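A.B. asks: Dropping the sequence and predicted coords here.
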Amino acid sequence: MSKQSPNIGKPSFFPYSVINFYFELIGKNKSSFFLLNLLLGIFSFIITFWGLERFALSLTSAINLLISLLAFILMIFATTFKFIKNRKLKVSSSKKIDKFLFQTFYKNKVNNFNTVLHPSKIEEEAGYKRIDLPLRKDSILFSKTVNTFLRNEVTSVCLRIVKGKKKEIMKTLEPDAELIKDALLNNYYKSRRTNKMFFNDNKISLLTTPKQGVKTLEVFKSSYYLSYVTNDMSTKNIEDNTVKGKNRYRWQAINKFPYILDPAKKINRIKPLETSNFSNHIGGNTIAFSDNEMILWQQSQSAQRSEDLIAPTGSGSLDIADYENNPHKLFPMLREGMERELSEEGTEKNAPIFNLAEKTKIVGFYRWVGKGGLPGFLGVSKIKGNIALKPNSSEVKLFIPETDEIDMKVNTINELIELIDFLFTNEMDNLSVPLYANLKALKQAAIEDPRFLDFIFS
């Protein structure tokens, strides 16, 4: 079976997806809202024409008709105007949160402790450690213990869907609904101007910390926009350009990021997935090999994340369909999501998409601190029949090292480790965060269990 390449392009002129999300956020039905206003308009016309016929008051009725028409036009204009970009507001990265999250000993003005951001207690007990990426001004949470468990036991881990979690998160955001709408519009029109993709796809999100021995992970249905206004916006400020000084901040990242004070140790900890109350949709990343060659992409500027950086062969987030096609087990869901991303990015634009992967294995898991602790699973794949991938030019292009010192083709585990080390040494400033995590987990697998990766050389 094949499917047509997705219609990828910049958002349409009118932000229907933002309107839908906003009405869902404030607990109103968009269709009902517009229908009600339409009925009011029709009612006004009926009353006016009834007055013309019943009382023959042409002047008064004409005035009533004019008032009705103006009211109806004003309603349409006000509704539309509500979804025009607010140019008084600016969404930008927070320097304060950058220091708080990524600089080793920053005196945090929130609680006056000299600290770094540590994993939660749940994660610390599971072996997670924070790894800083100074060149990216970012960091990840990473556990070798969890990676080893997933390599060996991922097929035994089950999934359980939790209902009502999305609604619960939306409820906490309702007081900031207008600001969130403006932040979405800001990015919507920015994406349109720069040919980026910004659509509100339905996603599957993670509610349980992966750890050794876990039997079941809880997941819930979410959306891309919900992750944007929780995970992505947790490191951004919203400023009012018409106001100066500290009062210009309408939304401050330092107050939104999901962390908590551990008073016993006097340290700040990132909240675990169980209590962060963020969308935390699941990322799926895989590095593919074709004819023993490691295939990596360079992201295009149309990507919402990691634009212009080197990325895994398949890199994105899991859709609701990936879960619905595999509702009870973790591994089939991850495999489908990773192979779907790999196939979409490895197929020419507008060409039919076939599953290009012969086999995919899971090598690890990480949380992306700079995205509010966004979770992602990491894999490695072998391409069917060693066919040559043809990158989707609207999303990626083939990464080719600028030096002849290294060959992307590897024939042994030692050559694979050499290649990964070369990328860490020579391309570190160009690696996306997901790729860094993926390479690190792949190297761990190569060192700890070389036979696990035999399939990529066959």
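C.D. replies: That came in fine, so what should we check first?
A.B. asks: what about the helices in the stretch 351-458 of the chain?
C.D. replies: With DSSP state H, counting those that start in this stretch as the criterion, the stretch 351-458 of the chain has helices at 413-426, 433-448.
A.B. asks: right, I mislabeled it, should have said the chain
C.D. replies: 16-25, 30-55, 58-81, 95-102, 121-125, 144-153, 165-173, 177-193, 224-230, 320-324, 330-345, 413-426, 433-448 (DSSP state H).
A.B. asks: Next, the angle from the last one to helix 413-426.
C.D. replies: Going back to what we said before, that points to helix 433-448. Angle of helix 433-448 versus helix 413-426, following axes from the mean of the first three to the mean of the last three CA atoms, to 10 degrees, is 150 degrees.
A.B. asks: any idea of the mean pLDDT for helix 433-448?
C.D. replies: For helix 433-448, mean pLDDT rounds to 98.
A.B. asks: Tell me the buried residues in it?
C.D. replies: For helix 433-448, the neighbour count (16 or more other CB atoms under 10 Å) marks 433-446 as buried. In short, each C-beta sits where N, CA and C put it, glycine included.
A.B. asks: Any chance of CSV for those residues, columns distance to residue 197?
C.D. replies: Below are the buried residues of helix 433-448 laid out as CSV (distance: CB to CB, whole Å):
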residue, distance to residue 197
433, 19
434, 17
435, 19
436, 23
437, 23
438, 22
439, 25
440, 28
441, 27
442, 27
443, 31
444, 32
445, 32
446, 34
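A.B. asks: Farthest pair within the residues you listed?
C.D. replies: For the buried residues of helix 433-448, the farthest-apart pair by CB to CB is 433 and 446; their separation is 20.6 Å.
A.B. asks: which sections of this structure are below the confidence cut-off?
C.D. replies: Residue ranges of the chain with pLDDT under 70: 1-14, 29-88, 93-115, 301-306, 386.
A.B. asks: Could you break it into its assigned domains?
C.D. replies: The chain breaks down by automatic domain parsing into domains covering 16-81, 91-120+143-270, 283-318+330-456.
A.B. asks: Most tightly packed of these?
C.D. replies: domain 283-318+330-456 (a mean of 20; mean count of other CB atoms under 10 Å).
A.B. asks: end-to-end on that one?
C.D. replies: Length of domain 283-318+330-456, first residue to last, CA to CA, to the nearest Å: 23 Å.
A.B. asks: got it, and stretch 232-248?
C.D. replies: Span of stretch 232-248 from end to end, CA to CA: 21 Å.
A.B. asks: Same check on stretch 245-256?
C.D. replies: For stretch 245-256, by CA to CA, the gap between its terminal residues amounts to 20 Å.
A.B. asks: and it, how far from the chain's centre?
C.D. replies: Here stretch 245-256 is found 23 Å from its chain centre; the criterion is CA atoms, centre = their mean, to the nearest Å.
A.B. asks: what do you get for stretch 195-213?
C.D. replies: 6 Å.
A.B. asks: How about stretch 205-219?
C.D. replies: Worked out by CA atoms, centre = their mean, stretch 205-219 lies 19 Å from the chain centre.
A.B. asks: For it, which outside residues touch it?
C.D. replies: Stretch 205-219 is contacted from outside by 120, 122-123, 125-127, 143, 145-146, 148-150, 156-162, 165-166, 204, 220-222, 227, 272-274, 279-282, 323, 330, 365, 375, using CB atoms under 8 Å, 6 or more residues apart in numbering.
A.B. asks: So which elements touch the lengthiest strand in the chain?
C.D. replies: Secondary structure of the chain per DSSP state E: the longest strand is strand 357-368. Applying 3 or more CB pairs under 8 Å, 6 or more residues apart in numbering; DSSP states H and E, we find strand 357-368 packed against strand 138-142, helix 144-153, strand 283-290, helix 330-345, strand 374-383, helix 433-448.
A.B. asks: how does it look with 6 Å?
C.D. replies: strand 138-142, helix 144-153, helix 330-345, strand 374-383, helix 433-448 (3 or more CB pairs under 6 Å, 6 or more residues apart in numbering; DSSP states H and E).
A.B. asks: Contacts for the third one next, please.
C.D. replies: Helix 330-345 is contacted by residues 154-155, 157, 159, 284, 286, 288, 313-314, 316, 318, 322-323, 326, 353, 355-357, 360, 377, 379, 392, 395-396 when judged by CB atoms under 6 Å, 6 or more residues apart in numbering.
A.B. asks: Helix 144-153 and that helix, what's the angle between them?
C.D. replies: Helix 330-345 runs at 90 degrees relative to helix 144-153, counting by the same axes, to 10 degrees.
A.B. asks: do you know how far residue 430 is from residue 307?
C.D. replies: From residue 430 across to residue 307, the span is 12 Å (CB to CB, to the nearest Å).
A.B. asks: Repeat that for residue 235.
C.D. replies: Taken as CB to CB, the span from residue 235 to residue 307 is 16 Å.
A.B. asks: next one: residue 408
C.D. replies: From residue 408 to residue 307 the distance is 22 Å (CB to CB).
A.B. asks: Cool, thanks, talk later.
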